[in-house]
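S.K.: Structure, please.
(chains A and B)
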Amino acid sequence: MSKTNYDLQLSPVKSNIRIRFAPSPTGYLHVGGARTAIFNWLFARKYGGSFLLRIEDTDVERSGTDMVEAILQSMRWLGLDWDEEVVRQSDRLDIYSKHIDELIDGGHAYKCFCTKEELDRRREATNDKKQDYKYRHDRTCLKRDTDQIASLEREGRPFVVRLKLPMGVTSFHDEIYGDIKVDHRQLDDFILLRSDGYPTYHFAVVVDDHEMNITHVLRGEDHVSNTPKHILIYQAFGWQLPVYAHLPMILGPDKKRLSKRHGATSVGEYERAGYLPETMLNFLSLLGWSSGDDRELFNRSELVQHFSLDGIAKKSAVFDDKKLEWMNGQYIMQLSDQELLQLTLPYLKSSALLDDEFVARNRPYLDRVVALLKHRLKRIGDVVAMSGYFFQDPGEFEEKAVRKYWQDSEICAKLALLSTRLQELTEFDGEHIESVMRTLAEELETSAGKLIHPARLALTGVSFSPSMFEVMELLGKETVLRRLQAAMEYVKANRVTQETPGS
RNA sequence: GGCGCAUUCGUCUAGUGGCCUAGGACGUCGGCCUCUCACGCCGGUAACACGGGUUCGACUCCCGUAUGCGCUACCA
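M.R.: Here you go, the predicted structure:
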């Protein structure tokens, strides 16, 4: 009952909703940030609002310009398009300082000349728990008169600007978490403008959201506790509040906040490993949101169609790589052979399995190779490990399989016979190959498997592959005969060493 | 420590007081298909954190405890 019904309230076509994603360029776009971006984007697209991007680069130390482009790149990869020019906080320093003056003039904020060292000392001197120290307890600098302040400024003493916290309680409504109340005693005269002239996150967020006419703030749950501070700033300005909706966090398998030590966390890493953007979009959407029914697979437009704030959970979610893998497999299977080939090519080329010339000449062959592999791939990058024998004769044979399939004393004779029969075959296709092998197996009074497995090892070097008949057809008669020959030679050579004592 | 928020199978989740003998998905286990590996299909496994209330009736509402996470910075 507490949630707003946007479906009824808003036109599905066009609305005044303005929403933003505001990453700080201190690293690549990680999956948690991506999930926030996705929810914002879905919300905007669903209700015909505008989706904006703002780079929060007020931390000069940790921000990197190259990170900005990397983040935008990941956004594009995910298909999250934004509607207006990207806003950078570092371009807006004059705006913040203009607004800070407004607050100081209005008596809502004040300059503070206390140094960090001084504050540490005071914190240390607090008898109670250290965390209990609050600047508002002494407000040393709020007590200074204008002359004093002017003279300190003339001396060139660095200062920060603090919010003059009113007493009382701030409560607000969160679309996900409901009503939240915080007593100002928990807060402090927190800093709005740092001594280097840069705004703090709290100040910049409020000024920008207001200036950009942001109507809805959809961000991580870690900001719930910050929201009262932001509201206090809005109130100091007399500005109208946006609607708040906080999203549950994404955790690692150990239930700790997702971080580097959990392995891959940036969307770029998933991209490189061969996850599809469709997969990431779908999977991340399901982390903390559900449509309400049993559906799991949603394409982009279906997500837009079904998305709703009502479906968002309160509980933080663990990122499950296994489910991601499964889902990626599902999306890979939906790809056409041509699309799959296009995606696998970069991996194949960089592995030196094939080059441009080969690609140009063997298009149909490659289409069929990926078609055979399609149901086996979890990640596009897996193609390299699974397709070697389509491009090169096996250099070695899987040891365990050799022991299992080639220890038969008759094996060479069988392979030779198979080779002969295949050579005689005029129509070298799967169907005919199958009948040759099955017939031969019958003649030899053995099962087809007893022929197929050794042949697979000979042709691929490993014990698993797609259908042997189809693989043979694709490889072509010449290659098949050559590899069978090589296998027989290997077996003979291997026999000799086996007879050597001590081996 | 203080304050805030959360708590359904291993994981993602459905559930808004009787529809719950708690549903689906991933994983896992077993089987089928089968030339192997996959795919696919069938079946099994497994959860309401705990304790008090409220109610004719609680997974659902209230209180407490525990646990986890967040904020408590001149990081965002």
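S.K.: Flag the shaky bits of the stretch 101-250 of chain A, pLDDT-wise.
M.R.: Where the stretch 101-250 of chain A drops to pLDDT under 70, the residues are A:127-131.
S.K.: one more time with 50
M.R.: For the stretch 101-250 of chain A, no stretch has pLDDT under 50.
S.K.: same deal with the stretch 351-500 of chain A?
M.R.: Checking the stretch 351-500 of chain A against pLDDT under 50 turns up A:496-497, A:499-500.
S.K.: For it, which residues are neighbours of RNA strand B?
M.R.: Contacts of the stretch 351-500 of chain A with RNA strand B, taken as CB under 7 Å from any atom of the strand, map to A:375-376, A:448-449, A:452-453, A:456, A:463-470. C-beta coordinates here come from the backbone N, C-alpha and C atoms, glycine included.
S.K.: repeat that with 6 Å
M.R.: By CB under 6 Å from any atom of the strand, the part of the stretch 351-500 of chain A that sits against RNA strand B consists of A:375-376, A:448-449, A:452-453, A:463-469.
S.K.: Now the buried members of the residues you listed.
M.R.: Buried residues within those, counting neighbours by 16 or more other CB atoms under 10 Å: A:376, A:452-453, A:465-466, A:468-469.
S.K.: okay, those in CSV with distance to residue A:383 next?
M.R.: CSV is the format used below for those (distance: CB to CB, whole Å):
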residue, distance to residue A:383
A:376, 9
A:452, 24
A:453, 24
A:465, 13
A:466, 13
A:468, 20
A:469, 21
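S.K.: Just put these in JSON lines and tack on distance to residue A:95 and secondary structure.
M.R.: What follows is those, written out as JSON lines (distance: CB to CB, whole Å; DSSP: H, G, I helix; E, B strand; the rest coil):
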{"residue": "A:376", "distance to residue A:95": "55", "secondary structure": "helix"}
{"residue": "A:452", "distance to residue A:95": "73", "secondary structure": "helix"}
{"residue": "A:453", "distance to residue A:95": "72", "secondary structure": "helix"}
{"residue": "A:465", "distance to residue A:95": "63", "secondary structure": "coil"}
{"residue": "A:466", "distance to residue A:95": "61", "secondary structure": "coil"}
{"residue": "A:468", "distance to residue A:95": "69", "secondary structure": "helix"}
{"residue": "A:469", "distance to residue A:95": "70", "secondary structure": "helix"}
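S.K.: Make sure residue A:392 is indeed in a strand.
M.R.: No. Counting by DSSP: H, G, I helix; E, B strand; the rest coil, residue A:392 falls outside a strand, being coil.
S.K.: Skipping adjacent residues, who's closest to it in space?
M.R.: Closest residue in space to residue A:392, ignoring its immediate chain neighbours: residue A:353 at 7.0 Å, by CB to CB, 6 or more residues apart in numbering.
S.K.: State the distance from the one you found to RNA strand B.
M.R.: Going from residue A:353 to RNA strand B by CB to the nearest atom of the strand, to the nearest Å gives 19 Å.
S.K.: for residue A:280, same thing?
M.R.: Separation of residue A:280 from RNA strand B (CB to the nearest atom of the strand): 14 Å.
S.K.: cool, and residue A:346?
M.R.: Residue A:346 sits at a distance of 22 Å from RNA strand B (criterion: CB to the nearest atom of the strand).
S.K.: same thing with residue A:46?
M.R.: Look at residue A:46 and RNA strand B: by CB to the nearest atom of the strand, they are 17 Å apart.
S.K.: That residue: what's it in contact with?
M.R.: Residue A:46 is in contact with A:12, A:304-305, A:307-308, counting by CB atoms under 8 Å, 6 or more residues apart in numbering.
S.K.: could you redo the last one with a cut-off of 7 Å?
M.R.: Residues in contact with residue A:46 (CB atoms under 7 Å, 6 or more residues apart in numbering) are A:304, A:307.
S.K.: Please state the backbone phi and psi of it?
M.R.: Phi and psi for residue A:46, reported as degrees, to the nearest 10, are phi -60, psi -40.
S.K.: pLDDT score assigned to it?
M.R.: With respect to pLDDT, residue A:46 has a value of 96.
S.K.: do the same with residue A:342
M.R.: At residue A:342, pLDDT is 97.
S.K.: Just give the number of residues close to it.
M.R.: 12 (other CB atoms under 10 Å).
S.K.: Can you tell me what sits against the helix or strand containing it?
M.R.: Element membership for residue A:342, per DSSP states H and E: helix A:337-350. With contacts defined as CB under 7 Å, 6+ apart, helix A:337-350 is touched by A:274, A:332, A:354-355, A:359, A:366-367, A:370-371, A:374, A:380-381, A:383-384.
S.K.: switch to 6 Å and redo it
M.R.: Helix A:337-350 has contacts (CB atoms under 6 Å, 6 or more residues apart in numbering) with A:354, A:366-367, A:370-371, A:374, A:380-381, A:383-384.
S.K.: ok, now stretch A:90-109?
M.R.: Stretch A:90-109 has contacts (CB under 6 Å, 6+ apart) with A:57, A:161, A:163-164, A:192-193, A:199, A:207, A:236.
S.K.: mind listing what's buried in that stretch?
M.R.: Buried-residue list, stretch A:90-109, by 16+ other CB under 10 Å: A:90, A:92, A:96, A:99-100, A:103-104, A:108-109.
S.K.: closest to RNA strand B among those?
M.R.: Proximity of the buried residues of stretch A:90-109 to RNA strand B (CB to the nearest atom of the strand) peaks at residue A:90, which lies at 10.1 Å.
S.K.: Quick check: that closest one is in a strand.
M.R.: No. Using three-state DSSP, the assignment for residue A:90 is helix, not a strand.
S.K.: before we move on, the earlier item: measure how far the helix holding residue A:342 is from the centre of its chain, please.
M.R.: With CA atoms, centre = their mean, to the nearest Å as the basis, helix A:337-350 stands 21 Å off its chain's centre.
S.K.: and after that helix, which helix or strand comes next?
M.R.: In the C-terminal direction, the helix or strand that comes right after helix A:337-350 (DSSP H and E) is helix A:356-361.
S.K.: CA atoms of that following helix as PDB?
M.R.: Taking Å, rounded to 0.1, in the frame of the first residue of the first chain, the C-alpha atoms of helix A:356-361 are listed here in PDB:
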ATOM      1  CA  ASP A 356      41.900 -13.900 -41.800                       C
ATOM      2  CA  GLU A 357      42.700 -15.800 -45.000                       C
ATOM      3  CA  PHE A 358      41.400 -19.000 -43.600                       C
ATOM      4  CA  VAL A 359      38.200 -17.300 -42.400                       C
ATOM      5  CA  ALA A 360      37.700 -15.600 -45.800                       C
ATOM      6  CA  ARG A 361      37.900 -18.900 -47.600                       C
END
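S.K.: looking at it, residue A:433 is touching residue A:469, isn't it?
M.R.: Yes. Residue A:433 lies in contact with residue A:469 (CB atoms under 6 Å); the separation is 4.7 Å.
S.K.: Excluding chain neighbours, what is closest to the most centrally placed residue in chain A?
M.R.: The centroid of chain A falls nearest to residue A:267 when counting by CA atoms, centre = their mean (3.1 Å). Take residue A:267 and drop its neighbours on the chain: the residue closest to it by CB to CB, 6+ apart is residue A:74, 4.6 Å away.
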